[in-house]
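Asks: Sequence below, structure please.
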Amino acid sequence: MRKTLIALTLAAALPATAVFAAPEKGGPDVPPHMQGEHGCGPKDGPRGEHGPFGDLDLTREQRQQVGRLMGDQMENRRELTRKYLDKLPAADKKAMEDELEAARAKNDSAIRALLTPEQQKRFDEKQKEMEERRAEHAEFEAWKAEKAAKAKN
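Replies: Below is the predicted model:
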């Protein structure tokens, strides 16, 4: 159980590492939320001069390749995590999911408390969109599992 929780924690933290390989500010493949005064400029944030790739002075192509490699690693870790989570008893899975959800809710509340009223409104809208995406994904996963079960029969 402890190893599984450690693996899950690592897998949950990996999306943050994708920031390290993000392209420079203003590039064509920089999402709008990462552009601007506090965006991902060459010396800004964790991938700038203080990040693990800051001293390497990577080209745009190298950053993209590193980003793809890190994305592949993240997906591989997710698959490994799923593999071991599938072996857990249902009660342990439920307890872990509840604990993760409580931690996420606590973090969201802490973030929301830092925001201005206008930012809170936009934050709430984004949270609602995320919940909708989670529901759609859960529905898709249920459909996929049902389809796989039918294929076995």
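Asks: Which strand or helix spans Glu129?
Replies: helix 117-152 (DSSP states H and E).
Asks: Check which helices and strands that helix sits against.
Replies: Applying 3 or more C-beta pairs under 8 Å, 6 or more residues apart in numbering; DSSP states H and E, we find helix 117-152 packed against helix 90-114. Bear in mind the C-beta positions are built from the backbone N, C-alpha and C, glycine included.
Asks: Could you list the buried residues of the helix it packs on?
Replies: Met96 (16 or more other C-beta atoms under 10 Å).
Asks: Then stretch 67-82?
Replies: So, applying 16+ other C-beta under 10 Å, buried residues of stretch 67-82: Gly67, Met70, Met74, Arg77, Thr81.
Asks: Can you list the low-confidence ranges for this protein?
Replies: For the chain, the stretches flagged by pLDDT under 70 are 1-54.
Asks: quick one on the thing from earlier: ok, so of the buried residues of stretch 67-82, who is nearest Phe123?
Replies: Taking C-beta to C-beta as the measure, Phe123 lies nearest Met74 of the buried residues of stretch 67-82, at 24.7 Å.
Asks: Now do the helix or strand that contains that closest one: which elements does it pack against?
Replies: Here Met74 is covered by helix 60-85, with elements defined by DSSP H and E. Where contact means 3+ C-beta pairs under 8 Å, 6+ apart, helix 60-85 is packed against helix 2-13.
Asks: make it 10 Å
Replies: When contacts are defined as 3 or more C-beta pairs under 10 Å, 6 or more residues apart in numbering; DSSP states H and E, helix 60-85 sits against helix 2-13, helix 90-114.
Asks: picking up where we left off before, adding distance to Asn107 as columns, could you present the buried residues of stretch 67-82 in a markdown table?
Replies: Shown next, in a markdown table, are the buried residues of stretch 67-82 (distance: C-beta to C-beta, whole Å):
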| residue | distance to Asn107 |
| --- | --- |
| Gly67 | 25 |
| Met70 | 22 |
| Met74 | 20 |
| Arg77 | 21 |
| Thr81 | 20 |
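Asks: Nothing else from me, thank you.
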